[in-house]
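**Q** coords please:
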Amino acid sequence: MHLDMVLLLLPRSLPTVRMEARRSGLHGLTVFVDEERNDLRQTQTKTMRELKTQAKVLADKATVAEDWVRKLTEERGRAAQIATRLRLASTAMLKTAKKHRLADLQAPLEQPTAGADGSATAGPSNKARTGTQGNAPG
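**A** Next comes the predicted model:
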């Protein structure tokens with residue numbers, strides 16, 4: 001078998017090349033073909049193992065990512081609840097502040113009175129704190 005013949009056979013499947021080489025008496029070529037086939041099988045096996053390993057790693061990463069998404073979704077839900085509570089509390093505080101402001105505007109203004117030491121005091125509120133009433137001694 002000539003080299004041209006071998007080159008024509010190479011694009012064919014390995015079993016076909018091996019068979020043609022045996023017919024032509026090229027034992028070395030059959031050994032070469034068998035070695036190449038074994039190398040290809042080993043390479044395929046190794047590649048499959050590597051792909052399986054990479055697939056496991058990617059699956060683990062996907063699981064971790066799903067866990068993070070779940071946790072972040074839960075945290076976002078909690079944050080939304082807190083934000084709602086804060087909005088409700090601030091609205092209630094604003095309503096309370098408006099009520100107090102209106103009450104302060106509607107209450108009669110007290111005129112400061114002079115205390116015993118000459119300092120200006122706000123009559124009833126100061127007397128309530130000290131426990132004295134009116135012009136009572138003491």
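
**Q** just the strands in this protein please.
**A** Under the criterion DSSP state E, the chain carries strands at the ranges 113-114, 120-121.

**Q** which stretch in those has the least confidence?
**A** The minimum mean pLDDT among the strands of the chain belongs to strand 120-121 (a mean of 55).

**Q** give me the low-pLDDT residue ranges for this structure?
**A** Scanning the chain for pLDDT under 70 picks out 1-15, 17-18, 21, 26-34, 108-138.

**Q** repeat that for 90
**A** 1-48, 96-138 (pLDDT under 90).

**Q** Report how many residues lie close to residue 20.
**A** For residue 20, the neighbour count with other CB atoms under 10 Å is 19. (Glycine included, C-beta is placed from N, CA and C.)

**Q** Relative to residue 102, how far out is residue 74?
**A** As judged by CB to CB, to the nearest Å, residue 74 and residue 102 stand 43 Å apart.

**Q** for residue 88, same thing?
**A** Counting by CB to CB - residue 88 and residue 102 are separated by 21 Å.

**Q** same thing with residue 83?
**A** Residue 83 sits 29 Å away from residue 102, going by CB to CB.

**Q** What is the neighbour count of residue 22?
**A** Applying other CB under 10 Å, I find that residue 22 has 13 neighbouring residues.

**Q** now that we're looking at it, how far away is residue 38 from it?
**A** 17 Å.

**Q** swap in residue 69?
**A** In this view, residue 69 and residue 38 are 46 Å apart by CB to CB.

**Q** And the helices in the chain?
**A** For the chain, applying DSSP state H gives helices covering 3-9, 14-23, 27-106, 123-130.

**Q** Return the most buried member of the ones you listed.
**A** Most buried of those, by mean neighbour count (mean count of other CB atoms under 10 Å): helix 14-23, with a mean of 16.

**Q** Run through who's touching stretch 43-63.
**A** With contact meaning CB atoms under 8 Å, 6 or more residues apart in numbering, stretch 43-63 is reached by no other residue.

**Q** Please could you give me each C-alpha atom of it, formatted as PDB?
**A** Extracted in PDB, the C-alpha atoms of stretch 43-63 (Å, rounded to 0.1, in the frame of the first residue of the first chain):
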ATOM      1  CA  THR A  43      -9.000  11.600  25.700                       C
ATOM      2  CA  GLN A  44     -12.700  11.300  25.400                       C
ATOM      3  CA  THR A  45     -12.900   9.700  28.800                       C
ATOM      4  CA  LYS A  46     -10.800  12.400  30.300                       C
ATOM      5  CA  THR A  47     -12.800  15.100  28.600                       C
ATOM      6  CA  MET A  48     -16.000  13.500  29.800                       C
ATOM      7  CA  ARG A  49     -14.700  13.400  33.400                       C
ATOM      8  CA  GLU A  50     -13.600  17.000  33.200                       C
ATOM      9  CA  LEU A  51     -17.000  18.000  31.800                       C
ATOM     10  CA  LYS A  52     -18.800  16.200  34.600                       C
ATOM     11  CA  THR A  53     -16.600  17.900  37.100                       C
ATOM     12  CA  GLN A  54     -17.200  21.300  35.600                       C
ATOM     13  CA  ALA A  55     -20.900  20.500  35.500                       C
ATOM     14  CA  LYS A  56     -20.900  19.600  39.200                       C
ATOM     15  CA  VAL A  57     -19.000  22.900  40.000                       C
ATOM     16  CA  LEU A  58     -21.500  24.900  37.900                       C
ATOM     17  CA  ALA A  59     -24.400  23.100  39.600                       C
ATOM     18  CA  ASP A  60     -23.000  24.000  43.000                       C
ATOM     19  CA  LYS A  61     -22.500  27.600  42.000                       C
ATOM     20  CA  ALA A  62     -26.000  27.700  40.700                       C
ATOM     21  CA  THR A  63     -27.300  26.300  44.000                       C
END
